[in-house]
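Undergrad: Predicted model and sequence below, questions to follow.
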4 protein chains.
Amino acid sequence: MPKPPDPARRSDRSRRAILDAALALVGEVGYNRLTVEAIAARAGVGKQTIYRWWPSKAAVLLDASLALSGDAGAGSGWTGFPDTGDLAADLKYVLRATVDEFNDEKYEAPARALTAAGAADPELGARFTERVLEPQLALYEARLRTARDAGQLAPDTDLRLTVEMLLGPLTYRWLLRTAPLTHAYTDAVVDGVLAGVAKVTAG
Amino acid sequence: MPKPPDPARRSDRSRRAILDAALALVGEVGYNRLTVEAIAARAGVGKQTIYRWWPSKAAVLLDASLALSGDAGAGSGWTGFPDTGDLAADLKYVLRATVDEFNDEKYEAPARALTAAGAADPELGARFTERVLEPQLALYEARLRTARDAGQLAPDTDLRLTVEMLLGPLTYRWLLRTAPLTHAYTDAVVDGVLAGVAKVTAG
Amino acid sequence: MPKPPDPARRSDRSRRAILDAALALVGEVGYNRLTVEAIAARAGVGKQTIYRWWPSKAAVLLDASLALSGDAGAGSGWTGFPDTGDLAADLKYVLRATVDEFNDEKYEAPARALTAAGAADPELGARFTERVLEPQLALYEARLRTARDAGQLAPDTDLRLTVEMLLGPLTYRWLLRTAPLTHAYTDAVVDGVLAGVAKVTAG
Amino acid sequence: MPKPPDPARRSDRSRRAILDAALALVGEVGYNRLTVEAIAARAGVGKQTIYRWWPSKAAVLLDASLALSGDAGAGSGWTGFPDTGDLAADLKYVLRATVDEFNDEKYEAPARALTAAGAADPELGARFTERVLEPQLALYEARLRTARDAGQLAPDTDLRLTVEMLLGPLTYRWLLRTAPLTHAYTDAVVDGVLAGVAKVTAG
DNA sequence: ATCTAATCGAGACGGTACGTCCTGTCTTCAG
DNA sequence: CTGAAGACAGGACGTACCGTCTCGATTAGAT
């Protein structure tokens, strides 16, 4: 019976040091060469203190990532989705920002590591999706709903599908590295999703 | 000077046994718990025989995957992309087949493992993209080119972008498990990509 | 400055529980697998309460052992050495009792553990000798002195040497397990020490 | 089924390095602070190479001890027991040599460590007794048998008992440190054992 | 048909990291 | 304001694999 530890007595000092060390190390050596031992050493912490609170290095990195976006969000990030009334412009704006984040080494390393690890490990993937992905998707969906309500989208538009049509190609290029991620690319995706690529044959 | 081995002397018996063992094991224990040692033991082969011909377990799995699709392709698969003249129908047909493959445990395990590993490891990712992904993308692109030449797509259509708009959402759902993969989903993606989701406000 | 704790405030309840737990555990798992943590858990006591009063698990066990012989002594044991006038008989009586104790699992486990630990650790050994061994040796020595004074031993007999000649062989067999400990063995030792083994070649 | 390794393929280089390191370290830090990890590091060897061939640090030290006495024996040691015809002199000679060994830091540390560990761990103790102690005892026994056959000892003398009467007091003082080990002490033990301590009352 | 050199199965090797256990200290909370 | 409870930094445990390195024993290809 491995009794769960008491969160009230948790050392916040250690917690922060661990998350910081994990972020730093994943940037330096990558996810595969990231080790719990190295995190503990860098954080000046016993290994047990990591294993007491997280089941795996992936879980540590997930929390570290959340802390990272939390910190960023507190300072500069947007909470709501922009809504200028121009759907295409708003989407392009947000996707360009996302591209910029993916091109920023600091955010990219842990995000890629987590996404890949989550793809391979269903349990971790579930937590990643729930804690990171879904909240993000919900923002897109809300913006699209506003647009649909305003008559800018067909009333029967499948919002979730549309979100995935926007983020799918971006994620595809990012993860599989088929080509560089650019603003032009996401702009084109937005246009393609909104207007379609088929030549309208009938006037 | 680690002289390269002589491929002429290579034991095909061992090569097959290794690839089979790798496929079997990745299905049983997953990529992370897959070990070179276990592959060697299962294949009845010395570890050195694996290291002589492949640089890593990922490379073994990549070859195993290629052999798997090769075998499938030899028996039943399509070499060319179907071209009935109806672009939407052809795309839906192929994407439905892809969905079926992703829902088939046997193909899914190594494919997911490789995709995830490739996302995390740039070098492996490059080989994966080159050997597996690009050939597939080229088939889509060729079919789309035919359609564009036939006037079914706007003349300035970005073919590669369009392919990624088709495969991106599918891959997104598959890897991130946001929702089950269904024929309905890919059908909707095809329709969405071809027609767009924005309400035509009248010309 | 790690101030020494105030013995007046010491909880006797905890002290007893700790000593009992130590004795019970050393019998169950042996000295090497005996841990302070387990003693604390079994005694329903915080680890600090052990470290506050004892420097090591060996010290705890030493006190536990003393308490054990103290309890036994209070109930049934002999304080003085028997003195019937017959030295050989008195020695055999006491050594037989000692053999019985060494063959009693309950006393044997902590005694052996302490003796072995004391042999390996000089500091502990010194305390063990002082607190346990010497008082015992003194009793033997007193009885031998009486005999010497009564002319039953040569006037220049080295009493301490004689005591060690009596206890040495017993301890040897006990610790090194070269053969079972029996009454016959100690009887023979007593006879051998008193009479010698060399054939008297005639005066 | 943890299959036993193949001794034919054992690296003698590693074996020697491990035994040397173990002896050096036990002298430096003592048995309790001796760790398998440190032995491996000092020997320039993987931990697994130790665990492959020995079950515990105690077993390593036992082999190291045997190698040590083996080396010493090859160079200078006596194989047979001296037999000058004078039993007392021969015994004193050998016991003095043993005292010298016990007073030599180099031999003392591993010997004490093993004896103590063997006292605490029956399994190790059995191997220690069989491999180290018994061969030694047999030499004493043989010398005593010669003496008995020569009529220097009573015909019904219990040889094993006599050996333990000689070695018991020596071992007692050595392990329990009740007093320093000197030549005078062992001389007195020999005299006491041969002649007895009781005053011969009848002429 | 032999010779000979590379590959083969096997597995020991020096290492790294694992996840667990325990040490001895420090901190929190309930009685 | 004590003392149980237990989190903490640290360190060793024994295990699992890594990738390299011998070993004979096949096993082709060149002779």
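TA: Nice, thanks for sending it over. Numbers count the residues shown, from 1 in each chain, chains lettered A, B, ... in the order given.

Undergrad: my guess is A:Q152 meets A:A89, correct?
TA: No - the pair A:Q152 and A:A89 fails to qualify as a contact (CB atoms under 8 Å) at a distance of 11.9 Å. In this view, the C-beta of every residue, glycine as well, is placed from N, C-alpha and C.

Undergrad: The two: who's more crowded?
TA: A:Q152 (19 against 13; other CB atoms under 10 Å in any protein chain shown).

Undergrad: Now A:P55: which helix or strand?
TA: Element membership for A:P55, per DSSP states H and E: none, as it lies in no helix or strand.

Undergrad: Next one: it from A:V36, what distance?
TA: Shown here: A:P55 relative to A:V36, a distance of 11 Å by CB to CB, to the nearest Å.

Undergrad: Looking at those two, which is more packed in?
TA: Under the neighbour definition other CB under 10 Å, A:P55 and A:V36 were set side by side, and A:V36 has more, 16 against 11.

Undergrad: Contacts only, for that one.
TA: Under the criterion of CB atoms under 8 Å, 6 or more residues apart in numbering or on different chains, the contact partners of A:V36 comprise A:47, A:50-51, A:57, A:60.

Undergrad: Can you give me the distance of A:L95 to D:L175?
TA: Distance, A:L95 to D:L175, using CB to CB: 79 Å.

Undergrad: Output the lowest mean pLDDT helix or strand found in chain A.
TA: Lowest mean confidence among the helices and strands of chain A (mean pLDDT, DSSP states H and E): helix A:57-75, at a mean of 82.

Undergrad: helices or strands up against it?
TA: In terms of contacts (3 or more CB pairs under 8 Å, 6 or more residues apart in numbering or on different chains; DSSP states H and E), helix A:57-75 is packed against helix A:12-29, helix A:36-43, helix A:105-120, helix A:122-128.

Undergrad: Tell me which of these sits most buried.
TA: Burial of these is given as mean neighbour count (mean count of other CB atoms under 10 Å in any protein chain shown); helix A:105-120 ranks first at a mean of 20.

Undergrad: Adding mean pLDDT and distance to D:A43, write the helices and strands packed on helix A:57-75 out as CSV.
TA: Shown next, in CSV, are the helices and strands packed on helix A:57-75 (pLDDT from 0 to 100; distance: least, CB to CB, whole Å):
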stretch, mean pLDDT, distance to D:A43
helix A:12-29, 96, 29
helix A:36-43, 98, 22
helix A:105-120, 93, 37
helix A:122-128, 93, 40
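
Undergrad: ok so, going back, pipe the contacts of A:V36 into TSV and attach neighbour count and distance to D:T84 per row.
TA: What follows is these, written out as TSV (neighbours: other CB atoms under 10 Å in any protein chain shown; distance: CB to CB, whole Å):
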residue	neighbour count	distance to D:T84
A:K47	13	64
A:I50	24	69
A:Y51	13	67
A:K57	21	72
A:V60	23	75
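
Undergrad: Distance to DNA strand E added to the residues you listed, as JSON lines?
TA: Written out in JSON lines, the entries for those read as follows (distance: CB to the nearest atom of the strand, whole Å):
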{"residue": "A:K47", "distance to DNA strand E": "5"}
{"residue": "A:I50", "distance to DNA strand E": "8"}
{"residue": "A:Y51", "distance to DNA strand E": "5"}
{"residue": "A:K57", "distance to DNA strand E": "6"}
{"residue": "A:V60", "distance to DNA strand E": "10"}
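
Undergrad: what's the closest of these to chain D?
TA: Checking the contacts of A:V36 against chain D by CB to the nearest CB gives A:K47 as the nearest, at 15.1 Å.
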